[in-house]
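>>> got a sequence here, can you build the structure:
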Amino acid sequence: MKSFTFTLPTEVRFGTNEWMHVGELLLKYHAKKVMILYGSRHAKASGLLDSVAEQVGKAGMDYILFGGIEPNPKLSRVYEGIQVGKEAEVDFLLAIGGGSVIDTAKAVAAGLADETVDVWDYFSTSRRISKALPVGSIVTMPASGSEVWDALVITDDRTNLKRSTKSAAIRCTFSILDPSLTVSLNLRQTEIGCADIFMHTMERYFTNEFDCLLTDAVAETLMRQILGYMTTIQNNPDDYTIREQIMWCATLSHNGITGCGHTGDWACHTIEHEISGEFDVPHGAGLTAIWGSWARYVMPKNVERFYSFAVNVMGVPADASCKEAVALEGINRLCRHFRSVNLPTSLGELGIVSSPEIIDLLADRAVDHETHTIGHLEELKKSDIITILRMAV
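From the prediction side, this is the model:
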């Protein structure tokens, strides 16, 4: 196993009506003036936003609202949030929503903590976030795991570049996971979220380290579980038990534990960031659209890993005499599963017309104009990414 450090400083509150403790938590972490960030519709229409604001007010804190945050969060909105937060002199940010709202809150928190730095520098240069205002979250869309992860992703809507950055300074101070807040999510949103959960685990699982037996077992169990929930939620969209399991899977998939001792690959995420940055498609759907092509391309270089995945996750009968065939069947079974829950397995299904010029643009951005490679299971150059994208058409 690789040496690793595992830290999870976020206080997680899980369960029905746990959001009603938000005032108590804000007081615990010494908030005085809170910026409440939310998306464009759901939090307000459901009444949750007003209820949370009421709880904050009852706890004796001032607050301001900052809404309209869209999926694939934009840099322009981050800049606006920094300006609004500065004028209001906020000292704590509370995100109500999914990964896009939480990531926006994290970026605004970093921008407010050091106004001498253009916040985009944290994404486009080697500069790293060293301080940020505290952030709390109330999760309404289980998918990204951003509520417990030390990273965030923002799209520069001036150029359509989508970039990530990591820092312990922007981990959420607390996160409230109330499964009842997710019951109103439609099936499309739920399945896309499940795909994101599954892919966060797979990115860590597909590695060249083979001695992480317990870590692998945890990851394989989580992947089997989320695949099952993607199917059972189809006929039981209001089932609280399924919803709470999905929500817990989202947090476990991205808090770091399924990668302990691994390097992780992350090539699919890097390629998908260019796709959703350019075409503004849902992140989870972008991942399923390219995963099969990536897997078929790199599988011959690491048959053993894909063989384990096929047998232990996808239920393909073990056959050591033809491991490559078993590995390929595992890939095919997962792609069939994605299609069975109406998730795309090609770029065309996302409505993307993949011209040679577009493919070249996406591949070039993924490797920053050929200044580095991506991936760990197999290091990919621009030419490799072009081939994968062509396969995904």
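
>>> list the beta-bridge partners for Glu11.
Going by DSSP bridges, Glu11 is paired in beta bridges with Phe174.

>>> and this protein, what are its domain boundaries?
Using automatic domain parsing, the domains assigned to the chain come out as 11-181, 185-391.

>>> of all these, which lies closest to Thr5?
domain 185-391 (9.1 Å; CB to CB). C-beta: built from backbone N, CA, C; applies to glycine.

>>> residue contacts, Glu378?
By CB atoms under 8 Å, 6 or more residues apart in numbering, the contact list for Glu378 reads 267, 298, 301-302, 384.

>>> and it, that one's in a helix?
No - looking at Glu378 with DSSP: H, G, I helix; E, B strand; the rest coil, it is coil, so not inside a helix.

>>> confidence score at it?
At Glu378, the model reports a pLDDT of 94.

>>> again with the one 3 residues further on
Confidence at Lys381, expressed as pLDDT, is 98.

>>> if I look at it, how far off is Val298?
13 Å (CB to CB, to the nearest Å).

>>> compare the two and say which is more crowded by neighbours.
The neighbour count for Lys381 versus Val298, taken as other CB atoms under 10 Å, is higher for Val298 (21 against 16).

>>> distance of that one relative to His376?
Taking CB to CB, one finds Val298 at 10 Å from His376.

>>> what are the ranges of the strands in this protein?
11-14, 33-39, 62-69, 92-97, 135-139, 151-156, 161-166, 174-177 (DSSP state E).

>>> relative to Ser354, which of these is closest?
Nearest to Ser354, of all the strands of the chain, is strand 161-166, at 17.6 Å by CB to CB.

>>> show me which residues of the closest one are buried.
For strand 161-166, burial by neighbour count (16 or more other CB atoms under 10 Å) applies to 161-163, 165.

>>> please apply the same query to stretch 253-272.
For stretch 253-272, burial by neighbour count (16+ other CB under 10 Å) applies to 253-262, 264-272.

>>> what of stretch 22-33?
Neighbour-count burial for stretch 22-33, with 16+ other CB under 10 Å as criterion, is recorded at 22-23, 25-26, 31.

>>> now do the same end-to-end measure for it.
14 Å (CA to CA, to the nearest Å).

>>> what average pLDDT does that stretch get?
For stretch 22-33, the mean pLDDT works out to 97.

>>> save the strands of the chain as CSV, and put in distance to Asp50 too.
Listed next are the strands of the chain as CSV, based on distance: least, CB to CB, whole Å:
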stretch, distance to Asp50
strand 11-14, 20
strand 33-39, 11
strand 62-69, 10
strand 92-97, 11
strand 135-139, 13
strand 151-156, 27
strand 161-166, 32
strand 174-177, 16
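
>>> tally of neighbours for Glu324?
12.

>>> from Ser293, how far off is it?
Distance, Glu324 to Ser293, using CB to CB: 17 Å.

>>> same check, this time on Ile275
Taking CB to CB, one finds Ile275 at 12 Å from Ser293.

>>> who has more neighbours out of these two?
Neighbour totals were compared for Ile275 and Ser293, and Ile275 leads with 27 against 23 (other CB under 10 Å).

>>> contacts only, for that one.
Ile275 neighbours (CB under 8 Å, 6+ apart): 281, 286, 289-290, 347, 350, 352, 362.

>>> what does the pLDDT read for it?
Listed pLDDT for Ile275 reads 98.

>>> again, but for Gly348
97.

>>> contacting residues around the nearest residue to it once chain neighbours are set aside?
What sits nearest to Gly348 in space, not counting adjacent residues and going by CB to CB, 6 or more residues apart in numbering, is Val393, at 6.1 Å. Counting by CB under 8 Å, 6+ apart, Val393 touches 346-348, 354.

>>> equivalent analysis for Arg163, please.
123-124, 153-156, 273.

>>> could you measure from it over to Ser293?
23 Å.

>>> also Lys323?
Separation of Lys323 from Ser293 (CB to CB): 21 Å.

>>> again with Arg224
For Arg224, the distance to Ser293 equals 23 Å [CB to CB].

>>> do the same with Asp118
In terms of CB to CB, Asp118 sits 36 Å off from Ser293.

>>> now swap in Met223 and tell me
19 Å.

>>> and if you look at Met20?
Look at Met20 and Ser293: by CB to CB, they are 45 Å apart.

>>> equivalent analysis for Lys33, please.
Distance of Lys33 to Ser293, computed by CB to CB: 48 Å.

>>> got it, and His30?
Using CB to CB, one obtains 49 Å as the distance from His30 to Ser293.

>>> mind checking the end-to-end distance for stretch 205-217?
10 Å.

>>> can you tell me the centre-most residue of the chain?
By CA atoms, centre = their mean, the chain has its centre lying nearest to Ser144, at 2.9 Å.

>>> how near is that one to Arg41?
From Ser144 over to Arg41 the distance is 18 Å, taken as CB to CB.

>>> one more: Ala289?
Distance, Ala289 to Arg41, by CB to CB: 25 Å.

>>> what about the two, which has more around it?
The residue with more neighbours, out of Ala289 and Arg41, is Ala289; 25 against 10, by other CB under 10 Å.

>>> identify the residues contacting the residue nearest to the more buried one when sequence neighbours are not counted.
Of all residues beyond its chain neighbours, the one nearest Ala289 is Pro344 (4.4 Å), with distances taken as CB to CB, 6+ apart. Neighbouring residues of Pro344 by CB under 8 Å, 6+ apart: 285, 288-289, 338, 350.

>>> for the stretch 51-200 of the chain, give me the ranges with low pLDDT.
Scanning the stretch 51-200 of the chain for pLDDT under 70 picks out no residues.

>>> for it, what spans make up the helices?
Taking DSSP state H, counting those that start in this stretch to define them, one finds helices in the stretch 51-200 of the chain at 75-88, 99-113, 121-124, 187-205.

>>> any chance of JSON lines for these, columns distance to Asn235 and mean neighbour count?
JSON lines is the format used below for these (distance: least, CB to CB, whole Å; neighbours: other CB atoms under 10 Å):
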{"stretch": "helix 75-88", "distance to Asn235": "37", "mean neighbour count": "18"}
{"stretch": "helix 99-113", "distance to Asn235": "27", "mean neighbour count": "28"}
{"stretch": "helix 121-124", "distance to Asn235": "41", "mean neighbour count": "18"}
{"stretch": "helix 187-205", "distance to Asn235": "10", "mean neighbour count": "24"}
